[in-house]
Each structure stands twice: as structure tokens, then as C-alpha cells.
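**Student:** this one's structure only:
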């Protein structure tokens, strides 16, 4: 399968006061086209740092990141990448339509095409009726939907989702899972981070387990499911692995 | 460059939907109405007084809007985490800074023009006539002033909190409009290190006083020659360019 996102020897150190903290240590990841990659780990494992490095939000210190074979630091590379951050609060004085229009125009999408795209996305996230309502009146779940819609505005081939289901009720979670699976079926590559193991288990094709900046295990979800048949759930496997490495 | 227009239009929409401007506009009209009431303070030639107060309020209220809008642009994006989806788009950090400057300048100039129109309406009612060229020059100077204020505040916002930025900006404005002439005199009439230091400070500070044509407007001293306007314009562009350049460098290195 064609490799679409590759991370090689990625390390990142930041300063916390006078102490140097290693957020990522020699991380290697390979994600193929049309794959859902679940990136799991406890809080502070380095999941969001990895995402920020992939998107060039943090400067690269060590290692290489390539998206579709191109250097991730080039703005041009990000033309085909969509990103949904963890719990962002969008402007309360704009409507979802206006927000999506702004992001679409930043990508340079033509106005006529953009209007149609916005309608499709609002339909996808069930916000057709609320499209002209101010975001300030939205609940957290609706805000997550807006965030998800903005990540798809450029019809990305790679979609990076940071904790996409955090704070959502079970109905919305299920809907989000279905949407992610539909996007995968439409040929998109999805990289998503989470500490909700059940979510990851349900939709991922491949899993990477990160702890304290180190990749402890990676492989197809089925290989972890095999362990489940031996009486081990992904949750137990994950907890044992973390305990072992401590 | 494609990022500038969408960010500017979104910021203008936000500004129109906020209540801040309307509150200031009502206050502006109330203050002008009070000041234009004849015999108030027993002033006989009230038209000059109205023009003086009106133009000062126009500039000051627009300045307040410029400071509050510009100071919130980058810190609010960071605080709300919306800076991440923005930077994940094909846009550099320097372009984000420049877009935010353009957005703040557009909002500030828009509010200035609306205050200015209200001021003109009061002025025409009181004096019955005006020198259109002089008022046009006042509008140009107001626009240049606000662009420089926005660049200054955006620069401060790359390393200051919202509250600290507003405080520092207002204090800087008050200091420069009140004491820049004294600083110049000090550098001329003293000698040694103090003179050199005051000279350096004088040339480094943003000269908001260059844009003040309140007295000329109040007393209708006549229009300014073109070279003065061109010089002030060149000063605004140069000073704002350096401020935005350094803002881009600082924001580019900022860990988000």
C-alpha cells in the first residue's frame, strides 16, 4: 500500500523552567493511504506534540516528516491535510457558514465551489438548520461538529483528528465514528489521537501506543484483538504495557 | 496572500456584531450633544469648541477600538486554540501576523470613519460650513495614525498578555502625546550621556504626535502641504513595517 504519512526518528525536547523535558524520543510511524491510524497513550504521552510537529505548528528539532512524499514544513504540503484540534472555541460572533467560508477561502477554494462544499459539510455534521446561527449559542457537541466540518473544507486526503470524540455524548460519538468510517471508505487517510481505548478499538485499522514520548507498540488492530481472544482486551493490554515499561 | 481577505472580512463581521462600537458611538453622540449646547460653560464661540472636542473624541475613541481589537487578535486565537487549525492551513506564521494587522487596521479605520461622519454632521450643524480639504487631510492623518497604532499593538501582543498590552499601549500614547516635545527639548538642551539617551529614545518611540492636527483643524489654519502628508505616510509605512517584521519574527519562534 502507498505510504502517505511517514515520521522518522522524531524527537522533541522542550524546556520546563530549567529542566529539559523529552516530549518525543525517536518516534517512527508509517501510515498508508486509506487507513485509520489510532494513536493512543495516557495524558502527556506526546500525542498532541506529534500532531503539532506533523502540522509544522511546532518547529522540527530532529527527524523527518513526510506527507505524500513531501516535506511537511512546506505550506503547500498542507493543502491536502485537514486538522481538527482538541476542544477549540471558535468565534462566537460568526456562524458556521461564515467560519467555513473563511477557512475555505484561506485554502483558495473558489467562491462558487465553496458554497456547495459548505452545504455538503453542514449536512454531513447535521448542522444544516444551524448553519446561519451564531457559534456563541452552540453547545460543546455542536462546536465539535463545526470543528470537524472545518477540517474537511479542503477535501483533505489526510485527516488529523486530535481527541475527536472528547466531550461528546454517546449518540454523537457513534455518529462521529460512522462519519470517520465513511471517510475512510471514501479513500481518506485518518490519523487520530485518543485516550478512549474503546473508540480506537472500534474504528482503527492500525494502532500506535505512545507513552512518555516513546512508541511502545504499533501494528494492525487485529493483532491486538488476537490478544483479546486470549482474555486480554485492548484496555488490559495497554495498561499492562504501560506498567511494564515504567 | 489569499489568507488576508477572508480574515479581514471575518474580523469586520465580528466587530459589527459586537456591542463595543455602538456603546462608544452613543457615548460619542451624547458627549458631542452636551458640548455643542450653547452657553454651556458660558462659551460664546462654541463652534471651535465643538470641533476641538469632536475631533479629539473621534481620534481617542477610534484609538480605544484599535487597541482593544488589535490586542485581542493573536492572544485570543491562542487562548481559544483556533490558532492551531489556522496554522494547519497553507499559511505561514508571518502571514498570520500580517493578516491580523490588516484585520485590526480595517476595523479601526472603519470605526474612525463612522465616528468622523458623526463628527462632521455635528460640525456642519454648528458651523454651517467646512473646509473639505482640511477635513480630508484630518481623515488621512487619522487613518495613518490608526494603522500605526494597530502595528504597535500587534507587535506588543506577540509577547504581552491582553491586559498588559492595553495598559502599555494607552500609557505609551498618553506619554508620547503629552511629553514627546519635552523629550525633544531635553535632548537639545542637555549634554552628555543623558542627551544621547534621550535622543535615542526620541527617535525610537512611535510618534503618535505626528498625526495630531487637532489645533490646525480647530482654528482652520489651512491645509498642510503635500510633502508633509507624504512624509508622515512614509514614516507610518516604515515604522509599521519594522514593527510587523519583528512581530512576525517573535510569533514565528513562539511555542504554541
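**Tutor:** In hand now; what should we look at? If you're wondering where the values come from, they're calculated on a predicted model, not measured in any experiment.

**Student:** Check which helix or strand residue A:182 maps to.
**Tutor:** Per DSSP states H and E, residue A:182 falls inside helix A:170-185.

**Student:** Could you list the buried residues of that helix?
**Tutor:** A:172, A:173, A:175, A:176, A:179, A:180, A:183, A:184 (16 or more other C-beta atoms under 10 Å in any protein chain shown). From N, CA and C alone the C-beta is placed, and that goes for glycine too.

**Student:** after it, next one along is what?
**Tutor:** That would be, after helix A:170-185 and using DSSP H and E, strand A:189-194.

**Student:** Strand partners (parallel or antiparallel) of that following strand?
**Tutor:** strand A:36-40 (parallel), strand A:158-162 (parallel) (DSSP bridges).

**Student:** What residues does the residue nearest the centre of chain A make contact with?
**Tutor:** Centroid-nearest residue in chain A: residue A:161, 1.8 Å away (criterion: C-alpha atoms, centre = their mean). By C-beta atoms under 8 Å, 6 or more residues apart in numbering or on different chains, the contact set of residue A:161 is A:83, A:84, A:148, A:151, A:180, A:190, A:191, A:192, A:193.

**Student:** Check the spacing between it and residue B:24 real quick.
**Tutor:** Separation of residue A:161 from residue B:24 (C-beta to C-beta, to the nearest Å): 42 Å.

**Student:** Could you pull up the contacting residues of residue A:15?
**Tutor:** Applying C-beta under 8 Å, 6+ apart, the residues contacting residue A:15 are residue A:21.

**Student:** Check the secondary structure at it for me.
**Tutor:** strand (DSSP: H, G, I helix; E, B strand; the rest coil).

**Student:** same question, the one 10 residues further on
**Tutor:** Following three-state DSSP, residue A:25 is assigned to strand.

**Student:** what's the neighbour count on residue B:26?
**Tutor:** Neighbour count for residue B:26, taken as other C-beta atoms under 10 Å in any protein chain shown: 10.

**Student:** tell me the pLDDT at whatever residue of the stretch 151-256 of chain B ends up closest to chain A?
**Tutor:** Residue nearest to chain A within the stretch 151-256 of chain B: residue B:256 (5.8 Å; C-beta to the nearest C-beta). For residue B:256, the pLDDT comes out at 83.

**Student:** Residue A:236 too?
**Tutor:** 75.

**Student:** distance of it from residue A:48?
**Tutor:** Taken as C-beta to C-beta, the span from residue A:236 to residue A:48 is 25 Å.

**Student:** Between those two, which is the more surrounded one?
**Tutor:** Counted by other C-beta under 10 Å, residue A:236 and residue A:48 do not tie: residue A:48 has more neighbours, with 20 against 13.

**Student:** my guess is that one contacts residue A:160, does it?
**Tutor:** No: Residue A:48 lies out of contact with residue A:160 (C-beta atoms under 8 Å); the separation is 10.7 Å.

**Student:** on that earlier part again, and the strands paired with strand A:189-194 as JSON lines, adding mean pLDDT and distance to residue A:12?
**Tutor:** Formatted as JSON lines, these follow (pLDDT from 0 to 100; distance: least, C-beta to C-beta, whole Å):
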{"stretch": "strand A:36-40", "mean pLDDT": "93", "distance to residue A:12": "15"}
{"stretch": "strand A:158-162", "mean pLDDT": "94", "distance to residue A:12": "16"}
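
**Student:** Those strands: which one's closest to residue A:109?
**Tutor:** strand A:158-162 (16.7 Å; C-beta to C-beta).

**Student:** In stretch A:57-72, which residues are buried?
**Tutor:** A:57, A:58, A:60, A:63, A:65, A:66, A:67, A:68, A:72.

**Student:** okay, the residues you listed in JSON lines with distance to residue B:143 and pLDDT next?
**Tutor:** Converted to JSON lines, the buried residues of stretch A:57-72 look like this (distance: C-beta to C-beta, whole Å; pLDDT from 0 to 100):
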{"residue": "A:57", "distance to residue B:143": "35", "pLDDT": "91"}
{"residue": "A:58", "distance to residue B:143": "38", "pLDDT": "90"}
{"residue": "A:60", "distance to residue B:143": "41", "pLDDT": "88"}
{"residue": "A:63", "distance to residue B:143": "48", "pLDDT": "91"}
{"residue": "A:65", "distance to residue B:143": "44", "pLDDT": "93"}
{"residue": "A:66", "distance to residue B:143": "46", "pLDDT": "92"}
{"residue": "A:67", "distance to residue B:143": "43", "pLDDT": "92"}
{"residue": "A:68", "distance to residue B:143": "45", "pLDDT": "89"}
{"residue": "A:72", "distance to residue B:143": "40", "pLDDT": "88"}
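
**Student:** Alright, calling it a day.
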